[in-house]
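# heads up, no residue letters with this:
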């Protein structure tokens, strides 16, 4: 795992020929670059979720309460849910599938219809809602992509365990070199650059026989 300072050292090496480090008085400043790191992290987690990568994904656990359908356990950091989870049983795991809020139409609101959930959706408050409403205590595990923790200082740890460090360095350098005015064409190229490089890493991790091109 790398620190913010590690990425910023690489950025400075690309920007400054005299070897000076980034600081609060350089152009760009350390604060500028940390903000761009956060922006890049959000783009990367979106790409990982879109491509169903294990990168940036964790598995959370919810313990249900009889008669309660909605849970805010992941509310603060849930970026996108996986397509299924599972109810943990003594000798098995029962699959529970992701659906949309419209799926509630197929389930009875009557308390007598409560049962072990077989579906879930994410509501507008970023809560996990189970269908059917649980009738007992269940342990339910759901994989989901986490919103990266915002970086605020050079001593913070950069997300993704060092896997995207080179991409971070290049992305921030490009941002710094094109910061004087907003250019839509550059923005599109920057987003395309991140997407292409991230997808290459994701595919390599899925299939180790993939050929890497320079």
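Happy to help now that I have it. The structure presented is a predicted model; accordingly, all values stated were derived computationally and were not measured.
# quick one, what contacts the spatially most central residue of the chain?
Computing the C-alpha centroid of the chain and ranking residues by Cα atoms, centre = their mean puts residue 45 first, at 3.4 Å. By Cβ atoms under 8 Å, 6 or more residues apart in numbering, the residues touching residue 45 are 56, 79, 145-148, 159. C-betas here are computed from N, CA, C, even on glycine.
# try it again at 7 Å.
By Cβ atoms under 7 Å, 6 or more residues apart in numbering, residue 45 lies in contact with 56, 79, 145, 147-148.
# also residue 69?
129-130, 133.
# recalculate using a threshold of 8 Å.
Neighbouring residues of residue 69 by Cβ under 8 Å, 6+ apart: 129-131, 133-134.
# again, but for residue 30
By Cβ under 8 Å, 6+ apart, the contact set of residue 30 is 8, 22-24, 154.
# closest one of the contacts of residue 45 to residue 15?
The closest of these to residue 15 turns out to be residue 148 (Cβ to Cβ; 23.9 Å).
# pretty sure the closest one is touching residue 42, no?
Yes. The criterion here is Cβ atoms under 8 Å, and residue 148 meets it with residue 42 at 6.7 Å.
# look at those two and report which has more neighbours.
For the pair residue 148 and residue 42, the greater number of neighbours falls to residue 148 (19 against 13), based on other Cβ atoms under 10 Å.
# does the closest residue to the more buried one other than its chain neighbours count as helix, strand or coil?
Counting by Cβ to Cβ, 6 or more residues apart in numbering, residue 148 lies nearest to residue 41, which is 4.0 Å off, once chain neighbours are set aside. Secondary structure, DSSP: H, G, I helix; E, B strand; the rest coil: residue 41 is helix.
# find me the pLDDT at residue 41, would you?
Looking at residue 41, its pLDDT reads 97.
# check the one 4 residues further on too.
Residue 45 carries a pLDDT score of 98 in this model.
# which neighbouring elements make contact with the biggest helix by length in the chain?
For the chain, the helix with the greatest residue count under DSSP state H is helix 184-206. If contacts are counted by 3 or more Cβ pairs under 8 Å, 6 or more residues apart in numbering; DSSP states H and E, helix 184-206 sits against helix 30-50, helix 165-177.
# of those, which approaches residue 15 most closely?
Residue 15 sits nearest to helix 165-177 of all the helices and strands packed on helix 184-206, at 5.8 Å, using Cβ to Cβ.
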